[in-house]
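Participant: fold the following and give me the result.
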Amino acid sequence: MYSSKEIAEFLKRFRINEDTTPLIVIKIGSNPDEVLEDMSKAVDEIQISFSKLDQEKGMIGLYQLQA
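Facilitator: Numbering: from 1, shown residues only. As a prediction, this is how the structure comes out:
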């Protein structure tokens, strides 16, 4: 598992900051409720379940690109 410092260094290295949009963040965990709670604390903007990502406006192209 990475420390907060290591994650911050990674984000800085790839020029990801508070103004970066759009940004897809994925957290994998065993308890979906805990994952949602953690993500709610970390993400200030819109949160979309990965299973519903294809329904979000503007994300259809992302799915087609990866398919």
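
Participant: okay, CA-based contacts and neighbour counts for the rest of this
Facilitator: Fine.

Participant: quote the end-to-end distance of stretch 21-41.
Facilitator: End-to-end distance for stretch 21-41: 18 Å, by CA to CA, to the nearest Å.

Participant: which SS state does the residue nearest the centre of the chain fall under?
Facilitator: For the chain, the residue nearest the mean C-alpha position is V25 (1.2 Å; CA atoms, centre = their mean). What DSSP: H, G, I helix; E, B strand; the rest coil gives for V25 is coil.

Participant: may I have the phi/psi pair for it?
Facilitator: phi -120, psi 130 (degrees, to the nearest 10).

Participant: residue ranges for the helices of this structure, please.
Facilitator: Applying DSSP state H to the chain gives helices spanning 4-13, 32-42, 60-66.

Participant: run a quick neighbour tally on the nearest residue to G29 once chain neighbours are set aside.
Facilitator: Distances taken as CA to CA, 6 or more residues apart in numbering put V35 closest to G29, at 6.2 Å, once the chain neighbours are dropped. With neighbours defined by other CA atoms under 10 Å, the count for V35 comes to 14.

Participant: tell me the pLDDT at V35?
Facilitator: We have a pLDDT of 77 for V35.

Participant: repeat for G61
Facilitator: 54.

Participant: quick one: the closest residue in space to I28 that isn't next to it in sequence from E9, how far?
Facilitator: Of all residues not flanking I28 in the chain, V35 sits nearest, at 7.3 Å (CA to CA, 6+ apart). V35 is 22 Å from E9, where distance means CA to CA.

Participant: likewise for S49?
Facilitator: The gap separating S49 from E9 is 27 Å, by CA to CA.

Participant: please say which of those two ends up with more neighbours.
Facilitator: More neighbours surround E9 than the other of S49 and E9, with 13 against 10 (other CA under 10 Å).
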